[in-house]
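K.L.:
how does the following fold in three dimensions:
(2 chains)
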Amino acid sequence: MKLGPKAAAAALILSASLALTGCGGGAAAGGSAAGTAATALTLGTIQDVRSWDPAQAHVGHLLQPYQAVYDTLILRQPDGKLSPMLATDWKYNAANTKLTVDLRTDVTFSDGAKFDAEAAKANIDHFKKANGPQMAQLASVQDVTVVDADTIDINLTVPDPALEYFLSQAAGLMGSPKALGTDGIKTEPVGSGPYVMDKAASVKDSQTVFTARKDYWNKDLQKYSKLTFKILTDLTARTNALVSGQVDATILDPKNGKQAEGAKMQLAANEVDWQGLLLLDRDGAKNPALQNVKVRQAINYAFDRKTILDQVMLGQGTPTSQPFGKASGAWTEGLENYYSYDPAKAKQLLKEAGFENGVTLEIPSVPGFETQISVVQQQLADVGITLKVGAALTNTFTSDVAAQKYTTMYFSLFQGEPTVAINQIVSTKALYNPFKNATPELDAKIEAVRAGGADAGKLAQEVNKYVVEQAWFAPLFRVNQMYYHNAKVNVTPQIQQAVPSIYNYSPAK
Amino acid sequence: MIRFIAKRLGSGLVVLFVVSALTFFLLYISSGSIARNILGDQATAEQVALKEHELGLDQPLAARYFAWVADALSGNLGASWFTSEPVANSLATRIPVTMTMVFAAIILIAICAALIGVLAAVKRGWVDRVVQVGAIIGDSIPGFVIGVILVTVLAIQLGLFPATSTISPDSGADAWVYSMSLPVIALLINGVTGGAQQIRSAVIKQLERDYVRTLRSRGIGEREILFKHVLRSAAPAGLTVLSLQLIGMLGGVVIIEQIFALPGMGPLAVAATGQSDLPVVMGVVMYTVVVVIVVNLLVDILNGWLNPKVRVS
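P.N.:
Alright, predicted model coming up:
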């Protein structure tokens, strides 16, 4: 008697699962990757945006999705040149403390609000108080005054040569003044950009879909009718999606790039970051050996940069001794091979410094850089320097760095505009100068860059020279960002960005 | 039976409470300066302080935990510290993806493992040896390796399935089936081999018991003995294995979802834990604990239904 319902249940489960497998089999026959039309672009990205509030926008590869829906005041060309966008013209006063910006008058936001001087002011004010990850971009801005309907004055507390650049980045994104500060804009962007979000087709952390906005003011920047960001955190998943045609372009690494090349994908390589050792404790607060410049120089002479690059990164990059990037203006040819591979000289320097019996450095392990660290460890051992590798960096590493937990670390760092780089790795306010090392000589050089206006890049060469000669770091190489795309799309790399701006894609003819 | 269920539910609630408290406090200890992590490496000390105040991190820990409990009891799981998205929303879009995959896999595992296990136990000989060797091989290859092989062959070389998920609100039911097929197969291969081995042992154990000999001596047919008596007695072992597999799968699914870019609980759990996004981690942990409690409860009820002796004990 009891077997009845049980048998029925079993039959039900069995038939349901057979139906399921049947479905799977049937589907398999017709299953293929969705082909993209000539006017649809699908990009594989590493992570979803945190919030669509423009004040929460980020830089680098995280800027891209914001560009789909928000215009910036200033447009940054692929080569780094700044050109008009929502701002038609901009000019500093003689003291470099006031930037007068002329604005377009023919732009509306997707909710119908008009873009004008009040809207621009509202955005800058909002960005300054919204406590976003890039709030530091407008740290030098005192306030904004509306001069007339299409002009604003941005008043500064101190000159800031990077301000125009920042207005082409997160700080320059303009959202509708009606939507700023609301909860709605966090999940659905409201901008004046070339695309509008198709919220119904988008899934958080999976894909974001945009459609071309009708009557967009600049058709030249709107090259697709549909734009999709597919969020693919896993490197293997990104490679598979690209090779199988699910995405048109994405960022890989040298090893997975080989697979993509095998599938006839094209590479748009671009040097953005540098990798190497940060010798943070230059005053010897925790490791007295690091106080001696000869020890720091010896570390620099210990590395066969070219060989490490070839072996670990399959040659994708350029060996270098300087932490400032090629496009920053601070880069100089003479510093490129300042420390050539010379173990004998390294040993000699250690001897002169009184450390012929050896030096011990402690560094944290860095997830993803284990190979580099072990090669570095071996080459340092060859000249008599012991590298002790400790526990791996965790999600608390920024606060650990700030708390002076590390005297030395291996890392990959962005090479941005000169003042951006100074604020990141050199100045006493920089996170990657946690021991706040400074000398009057260096302070004067930094001050000159800050007040230097258009000459900031050239003046920053002095800062670069100083930190290279004083061996504040031991850079190994600038690495190629391996951005791959298929034949359906043309891609122009964007200077100082791991992934191109969205304006740099166009359908292949 | 009702008292039995009530007792199990009561102990489940205690587990939920203890796990939530442990997770909350452990996460707090290991999270460092979360405000600085949210704001990034350019943030100033003032910004960090402002953010800490915004998130209520300047409140005492116990007060923060009880505030979380009070909110959770009223159905409010809070919002992600990083994205401001309500945790309930994140869970609501992701649980169906993960659960579809896990349940499809577990049902198929149940059927296949039962068939293979019983076949091996009854036939023995070479069939049994193949099943045993298969179990060792199947157990020793991790699900994600099988997943990678499946993607390479079936998706990239043959183009039969999409290499990564195509699930989206506008894609319809077939996108679910396409996207789920390879991950389910990857989970299936791993689960079936282990499950079949367990069911085989349980059935053999029953077949060697005295009551089977008695039934045979009375002239009752082998088929009736197997389906009516042996399987019923062997079922608890099978169900326990399946429930353990289901719970174990909640871990394995994390990697599978990353490989196939499925918008399920896995990537959410990884991202939230990596960032110490406390409200989201708490949401993920609560979901996992609830699933474990419900699965165990269902297995107990099913066992009780199949075998009244269990209810008494």
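
K.L.:
for the rest of this, base every contact and every neighbour count on C-alpha atoms.
P.N.:
Fine.

K.L.:
residues in contact with the residue of the stretch 401-509 of chain A found nearest chain B?
P.N.:
Nearest residue of the stretch 401-509 of chain A to chain B: A:Leu431, at 6.2 Å (C-alpha to the nearest C-alpha). Listed by C-alpha atoms under 8 Å, 6 or more residues apart in numbering or on different chains, the contact partners of A:Leu431 are A:398, A:401-402, A:424-425, B:41-42.

K.L.:
if I look at it, how far off is A:Met197?
P.N.:
36 Å (C-alpha to C-alpha, to the nearest Å).

K.L.:
what is the least confident helix or strand in chain A?
P.N.:
Scoring the helices and strands of chain A by mean pLDDT, DSSP states H and E places helix A:3-30 at the bottom, with a mean of 38.

K.L.:
the helix or strand just after that helix - contacts with which helices or strands?
P.N.:
Next helix or strand after helix A:3-30 toward the C-terminus (DSSP states H and E): strand A:40-45. Counting contacts by 3 or more C-alpha pairs under 8 Å, 6 or more residues apart in numbering or on different chains; DSSP states H and E, strand A:40-45 is packed against strand A:226-231, helix A:235-243, strand A:249-252.

K.L.:
quick one: closest of the ones you listed to A:Leu99.
P.N.:
strand A:226-231 (34.5 Å; C-alpha to C-alpha).

K.L.:
what packs against the closest one?
P.N.:
Here strand A:226-231 touches strand A:40-45, strand A:207-212, going by 3+ C-alpha pairs under 8 Å, 6+ apart.

K.L.:
which sections of chain B are below the confidence cut-off?
P.N.:
Along chain B, segments meeting pLDDT under 70 span B:30-32, B:308-313.

K.L.:
just the element for the residue nearest the centre of it, please.
P.N.:
The residue lying closest to the centre of chain B (C-alpha atoms, centre = their mean) is B:Leu250, at 2.8 Å. For B:Leu250, the host element (DSSP H and E) is helix B:231-259.

K.L.:
any buried residues in the next helix or strand after that helix, and which?
P.N.:
The helix or strand immediately downstream of helix B:231-259 is helix B:265-275, counting by DSSP H and E. Buried residues in helix B:265-275, counted by 16 or more other C-alpha atoms under 10 Å in any protein chain shown: B:265-269, B:272-273, B:275.

K.L.:
what of stretch A:89-104?
P.N.:
Going by 16+ other C-alpha under 10 Å, stretch A:89-104 has these buried residues: A:89-90, A:92, A:96-104.

K.L.:
just the endpoints, please. Distance across stretch A:40-50?
P.N.:
24 Å.

K.L.:
next one: stretch B:198-217
P.N.:
28 Å.

K.L.:
show me what counts as buried in that stretch.
P.N.:
Those would be B:198-204, B:206-207, B:212, for stretch B:198-217 by 16+ other C-alpha under 10 Å.

K.L.:
could you do stretch A:81-91 as well?
P.N.:
A:84-90.

K.L.:
and it, end to end?
P.N.:
End residues of stretch A:81-91 are separated by 15 Å (C-alpha to C-alpha).

K.L.:
who's in contact with it?
P.N.:
In contact with stretch A:81-91 (C-alpha under 8 Å, 6+ apart) are residues A:71-77, A:99-104, A:164-165, A:168.

K.L.:
and which of the residues you listed is nearest chain B?
P.N.:
The closest of the contacts of stretch A:81-91, once distances to chain B are taken by C-alpha to the nearest C-alpha, is A:Tyr165, at 16.0 Å.

K.L.:
right, is the helix holding B:Leu250 up against chain A?
P.N.:
Yes: with C-alpha under 8 Å from any C-alpha of the partner chain as the criterion, chain A is reached by helix B:231-259 at B:258-259.

K.L.:
tilt between that helix and helix B:265-275?
P.N.:
Using axes from the mean of the first three to the mean of the last three C-alpha atoms, to 10 degrees, the inter-axis angle of helix B:231-259 relative to helix B:265-275 is 60 degrees.

K.L.:
which other helices and strands contact helix B:231-259?
P.N.:
Taking 3+ C-alpha pairs under 8 Å, 6+ apart as the contact cut, helix B:231-259 packs with helix A:235-243, helix B:87-123, helix B:143-150, helix B:172-207, helix B:265-275, helix B:278-306.

K.L.:
again, only using 6 Å
P.N.:
Counting contacts by 3 or more C-alpha pairs under 6 Å, 6 or more residues apart in numbering or on different chains; DSSP states H and E, helix B:231-259 is packed against helix B:172-207.

K.L.:
run the chain-centre distance for the helix it packs on.
P.N.:
Distance, stretch centre to chain centre, for helix B:172-207: 13 Å (C-alpha atoms, centre = their mean, to the nearest Å).
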